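Enquirer: With the sequence up front, the predicted model follows.
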Amino acid sequence: AAGARAALARARDAGAAVLAGGGDALDAVEAAVRVLENDPHFNAGRGAAFTRDGANELDAAIMDGATRAAGSVAGLTRIRNPVTLARRVMTDSPHVLLSGAGAEAFAATQGAETVDPAWFAIPERRRQLDELLARGGGAFDVDMKYGTVGAVARDVHGHLAAATSTGGVTGKRWGRIGDSPLIGAGTFADDRACAVSCTGSGEQFIRVGVAHEIAARIRLAGEDAATAADAALAEVRALGGTGGVIVVTPAGEALWRFTTPGMYRARATSAGLREVALYGEGEGGGEA
Ligand code: ASP
């Protein structure tokens, strides 16, 4: 876990440096997520989960809380940093969500950095697929400990942003897309409420609309962020799913909530807080 801890600290510091320099929340979340996409310890970019066919198919999203502009991508196989392409979908296309070959054709018009698909494949993830297949294959497997990556931020202008990136779940097939690139499910930002990024059993997160539900509870029901997050995670649990969320509010409160044994996470504030935590330890959130 030392490598994951170090990468989390690097990602946190990359985002914090943007914010400390007066930069935008959007730039901060993109910078943080890119560090984790490039690091093999996480299920995003390099180190992504394998599909049942032995490939890596990447999903990502980004959202601007100030304007509720959003961009996302699904089923990428050659784009080094899916979160950056998601941002280009937001800024340079008239659409919100692009998938597969079409998304990669758009990427070519943007000069997005491509890699050989082998770049994403690491032996540990391959082994997880092999074990799943050896067990008889089941449907698929959510490995919560090394999951999806995400970032949320509030900048000096008071604007919020969220980003999420993932390889999805091991053994997925038929072009399966999870919650991460779906705006309102795994990713959402609205300056009136909060920014949210989710990890967990994507199918249930989609059915609950977790990220939007948390924002709606804060905005419409007046709940605090922890109460709203716990309520949404309870809805997921009622459908048979587990997972976690990171949330930041317009007041700059940054918290996490999860219903799994652990969720790798890190946090920084302008007051000088610098935190990395893996399981139950640390302040700022907890098990719902
Ligand atoms: N939520 C992701 C998905 O279903 C998986 C994860 O968070 O590990 O695609």
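Expert: Here it is on my side, so go on. Residues are numbered from 1 along each chain as shown.
Enquirer: CA atoms for contacts and neighbours, from now on please.
Expert: Noted.
Enquirer: ok, Arg267 - how many residues close by?
Expert: Neighbours of Arg267 under the rule other Cα atoms under 10 Å: 24.
Enquirer: after the host helix or strand of it comes which helix or strand?
Expert: Assigning secondary structure by DSSP states H and E places Arg267 in strand 265-268. In the C-terminal direction, the helix or strand that comes right after strand 265-268 (DSSP H and E) is strand 274-277.
Enquirer: buried ones in that following strand?
Expert: Along strand 274-277, these residues count as buried under the neighbour rule (16 or more other Cα atoms under 10 Å): Glu275, Val276, Ala277.
Enquirer: what residues are up against the second one?
Expert: Contacts for Val276 were tallied using Cα atoms under 8 Å, 6 or more residues apart in numbering; they are Arg5, Leu8, Ala9, Tyr264, Arg265, Ala266, Arg267.
Enquirer: and which of those residues is nearest to Ala153?
Expert: Arg267 (9.8 Å; Cα to Cα).
Enquirer: what about that closest one, distance to Ala14?
Expert: Between Arg267 and Ala14 the distance is 11 Å, computed by Cα to Cα, to the nearest Å.
Enquirer: And Leu97, by the same measure?
Expert: In this view, Leu97 and Ala14 are 26 Å apart by Cα to Cα.
Enquirer: now swap in Thr166 and tell me
Expert: For Thr166 relative to Ala14 (Cα to Cα), the value is 19 Å.
Enquirer: Tell me which of these two has more neighbours.
Expert: For Thr166 against Ala14, the residue with the higher neighbour count under other Cα under 10 Å is Thr166, and the figures read 32 against 20.
Enquirer: Confirm for me that that one is in contact with Ala61.
Expert: No: using Cα atoms under 8 Å, Thr166 is not in contact with Ala61; the gap is 9.4 Å.
Enquirer: List the contacts of the closest residue to the ligand within the stretch 1-150 of the chain.
Expert: Checking the stretch 1-150 of the chain residue by residue against the ligand with Cα to the nearest ligand atom singles out Gly147 as nearest, at 3.9 Å. Listed by Cα under 8 Å, 6+ apart, the contact partners of Gly147 are Phe42, Asn43, Ala44, Thr166, Thr199, Gly200.
Enquirer: again, only using 10 Å
Expert: 41-44, 47-49, 165-169, 199-200, 243, 263-264 (Cα atoms under 10 Å, 6 or more residues apart in numbering).
Enquirer: The residue lying closest to Asp64 once chain neighbours are set aside sits in which helix or strand?
Expert: Spatial nearest neighbour of Asp64, excluding adjacent residues (Cα to Cα, 6 or more residues apart in numbering): Ala161 at 4.8 Å. With secondary structure defined by DSSP H and E, Ala161 is part of strand 160-166.
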